[in-house]
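Trainee: Compute the structure for the input listed below.
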Amino acid sequence: MNEAPAAYDNVPGNYYDKYNTRNPIARYLMDGFLSSFDMLTAKTGVRNAYEVGCGEGNLSIRLHDRGWNVRGSDLESVSVSEANEQCTKRGLEPIFETRSLFDLTPEVASAELVICCEVLEHIPDTEQALAILKSLAKPYLLVSVPR
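Mentor: This next block holds a predicted model:
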């Protein structure tokens with residue numbers, strides 16, 4: 001394992017179901033985010049992705065439903081369990097594991113597209129995190145952070 005600054009133990013975003021909210025303003029914002037996500041991922045022309053900070057697996061499963069080969073990881077085991085449960089409910093093999101971004105290597109997590117959405121704002125050393133993400137992306141990296 002690499003020595004790196006610890007990320008937060010509890011990420012607040014993992015406890016609010018932003019993907020299924022009934023709040024019309026939050027729904028509008030999420031629709032825009034997901035529309036952009038779909039457009040950007042389609043433009044890559046690839047079908048192999050690794051999601052860093054997968055949370056409950058919503059984005060990865062969204063790609064899987066479009067025919068992608070997807071794997072992912074998250075720091076929080078509760079979120080990973082939920083993501084794998086979502087896979088099982090859909091008849092898919094679990095594709096997520098509990099792993100820190102700082103423990104990822106190209107041998108474990110490289111993909112044509114590496115996705116890291118709404119994660120970097122929780123990381124104390126973003127420069128190191130971005131260097132790791134760059135080493136995994138072959139050739140595309142999609143990162144988003146809140147405005």
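Trainee: I'd like the mean pLDDT over the lengthiest helix in the chain, please.
Mentor: The residue-count maximum for a helix in the chain (DSSP state H) belongs to helix 24-44. Regarding helix 24-44, the rounded mean pLDDT is 94.
Trainee: next helix or strand past the one helix or strand Glu85 maps to?
Mentor: Assigned by DSSP states H and E, Glu85 belongs to helix 77-89. Using DSSP H and E, the helix or strand that follows helix 77-89 in sequence is strand 96-98.
Trainee: on that earlier part again, elements contacting the helix holding Glu85?
Mentor: Applying 3 or more CB pairs under 8 Å, 6 or more residues apart in numbering; DSSP states H and E, we find helix 77-89 packed against helix 58-65, strand 69-74, strand 96-98. Where C-beta positions appear, they are placed from N, C-alpha and C, glycine not excepted.
Trainee: angle of it against helix 58-65?
Mentor: Angle, helix 77-89 to helix 58-65, by axes from the mean of the first three to the mean of the last three CA atoms, to 10 degrees: 20 degrees.
Trainee: what's in contact with helix 77-89?
Mentor: The contact list for helix 77-89, computed with CB atoms under 8 Å, 6 or more residues apart in numbering, reads 14, 54-58, 60-61, 72-74, 93-98.
Trainee: hmm, which of these are the buried ones?
Mentor: The neighbour count (16 or more other CB atoms under 10 Å) marks 14, 54-58, 60-61, 72-74, 95-97 as buried among these.
Trainee: Give me the contacts around the strand or helix carrying Tyr50.
Mentor: For Tyr50, the host element (DSSP H and E) is strand 48-52. With contacts defined as CB under 8 Å, 6+ apart, strand 48-52 is touched by 41, 57, 59-60, 63, 68-73, 101, 104, 109-117, 119, 133, 136.
Trainee: and Leu113, that one's in a strand?
Mentor: Yes. Counting by DSSP: H, G, I helix; E, B strand; the rest coil, Leu113 is found in a strand.
Trainee: Just list the residues touching it, thanks.
Mentor: Residues in contact with Leu113 (CB under 8 Å, 6+ apart) are 41, 44, 46, 48-50, 137, 140-142.
Trainee: So what pairs up with it in the strands?
Mentor: Counting by DSSP bridges, Leu113 forms beta bridges with Ala49, Tyr140.
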